[in-house]
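[1] whatever this is, show me its structure:
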Amino acid sequence: MPNTAEEKRRAVRRLRNVAGQAQALERAVEEGCECRAVPQQLAALRGAVSGLMAEVMQSHLKESFGRTASRKPPTPQALDATIAEAVSLMRSYLK
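    Numbers count the residues shown, from 1 in each chain. Next up, the predicted model:
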């Protein structure tokens with residue numbers, strides 16, 4: 001999760017963008033808009049969600065590696081475990 005006030009503001013701003021894109025898509029479907037407009041709005045929604053995901057992942061990685069870097073250097077095994085956790089998390093979100 002975002003930790004700093006600025007990270008939280010950016011995440012909330014992106015969440016509002018996602019909500020706005022979803023509402024626009026819902027209106028378009030309810031109003032029976034042209035079929036070609038729906039994929040455009042879906043792409044915009046996907047882009048908004050991807051941007052939010054990138055922000056959250058960046059915050060998580062900063063927290064994970066920053067926490068390790070603030071203390072004595074990690075052992076190679078601890079560093080490998082942190083990297084494996086981050087990669088696993090990214091893979092689960094990219095499915």
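[2] which intervals of the chain have sub-threshold pLDDT?
    Within the chain, the ranges that satisfy pLDDT under 70 run 1-2, 67-71.
[3] so what does the longest helix seen in it touch, helix or strand wise?
    Taking DSSP state H as the criterion, the chain has its longest helix at helix 37-69. Judged by 3 or more C-beta pairs under 8 Å, 6 or more residues apart in numbering; DSSP states H and E, the packing partners of helix 37-69 are helix 5-30, helix 76-93. Where C-beta positions appear, they are placed from N, C-alpha and C, glycine not excepted.
[4] any idea which residue sits dead centre in the protein?
    What sits nearest the mean C-alpha location of the chain, by C-alpha atoms, centre = their mean, is Met53, with 0.8 Å.
[5] returning to that earlier point: buried set for the longest helix of the chain?
    Across helix 37-69, burial judged by 16 or more other C-beta atoms under 10 Å covers 41, 44-45, 48-49, 52, 55-56, 59-60.
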